[in-house]
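Trainee: Sequence and predicted structure are below.
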Amino acid sequence: QVSKILELMKARGLKPNLATFNCAINACAKKGDVGAAERLLQEMEQMGLKPDFVTFSSFIDAFTKAARPDMNQILKILELMKARGLKPNLRTFNCAINACAKAGDVAEAERLLQEMERMGLEPNVITFNSLIDVCAKAEEPDVNQVSKILELMKARGLKPGR
């Protein structure tokens, strides 16, 4: 559907811009359609448009919504962002930590949290909820870790919930 809309725009002489592609990639992300998101990213770059934070965050989100998130691919996207001079923002990290939750990858979620904080980004409720989710979906759920996360949230004046 998204591709049809982009083709219709082009047929009418309208050139899709970064915002157009970001909306299209975000629509693919919501459906977990990684293939379509990849094709749009390639098309966007062929048109000379450079992906931004929204593009990369949406792309990571597409992988997150897939049946089983490919953490290696998500980490490659984060590295690609950095290589292009883009510093991942809170939304980007939240998308990646959410993917860890879906994959049950506690160690990677903790590493991403540490990296995020080293970059001066303050975790928010979404970050902490995803961390709790990671702990709950781990092979061996750690109640103590969940308690620590809840205490950390409380210390920062945050309450669980979305």
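Mentor: All right, it came through fine.

Trainee: Give me the residue at the spatial middle of the protein.
Mentor: Among the residues of the chain, the one closest to the centroid is C95, at 2.8 Å (CA atoms, centre = their mean).

Trainee: I'd like to know which helix or strand in this protein has the lowest mean pLDDT.
Mentor: The helix or strand of the chain with the lowest confidence, counting by mean pLDDT, DSSP states H and E, is helix 2-11 at a mean of 85.

Trainee: Okay, angle between whatever helix or strand comes next after that one and helix 2-11 too, please.
Mentor: For helix 2-11, the succeeding helix or strand toward the C-terminus, using DSSP states H and E, is helix 18-31. Counting by axes from the mean of the first three to the mean of the last three CA atoms, to 10 degrees, helix 18-31 lies at 160 degrees to helix 2-11.

Trainee: tell me what helix 18-31 is packed against?
Mentor: Applying 3 or more CB pairs under 8 Å, 6 or more residues apart in numbering; DSSP states H and E, we find helix 18-31 packed against helix 2-11, helix 34-46, helix 53-65. Bear in mind the C-beta positions are built from the backbone N, C-alpha and C, glycine included.

Trainee: Turn those into JSON lines, columns for distance to L113 and mean neighbour count.
Mentor: As requested, the helices and strands packed on helix 18-31 are exported to JSON lines (distance: least, CB to CB, whole Å; neighbours: other CB atoms under 10 Å):
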{"stretch": "helix 2-11", "distance to L113": "33", "mean neighbour count": "12"}
{"stretch": "helix 34-46", "distance to L113": "24", "mean neighbour count": "17"}
{"stretch": "helix 53-65", "distance to L113": "15", "mean neighbour count": "24"}
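
Trainee: Please give the element, helix or strand, for D133.
Mentor: Per DSSP H and E, D133 falls inside helix 125-137.

Trainee: list the helices and strands that helix packs on?
Mentor: Using 3+ CB pairs under 8 Å, 6+ apart, the elements in contact with helix 125-137 are helix 90-103, helix 106-118, helix 143-155.

Trainee: and the last one, how far from the chain's centre?
Mentor: For helix 143-155, the distance from its own C-alpha centre to the chain's C-alpha centre is 23 Å (CA atoms, centre = their mean, to the nearest Å).

Trainee: Which strands or helices does that helix pack on?
Mentor: Partner elements for helix 143-155 (3+ CB pairs under 8 Å, 6+ apart): helix 125-137.

Trainee: got it, and the longest one?
Mentor: Helices and strands touching helix 90-103, as assessed by 3+ CB pairs under 8 Å, 6+ apart, comprise helix 53-65, helix 71-83, helix 106-118, helix 125-137.
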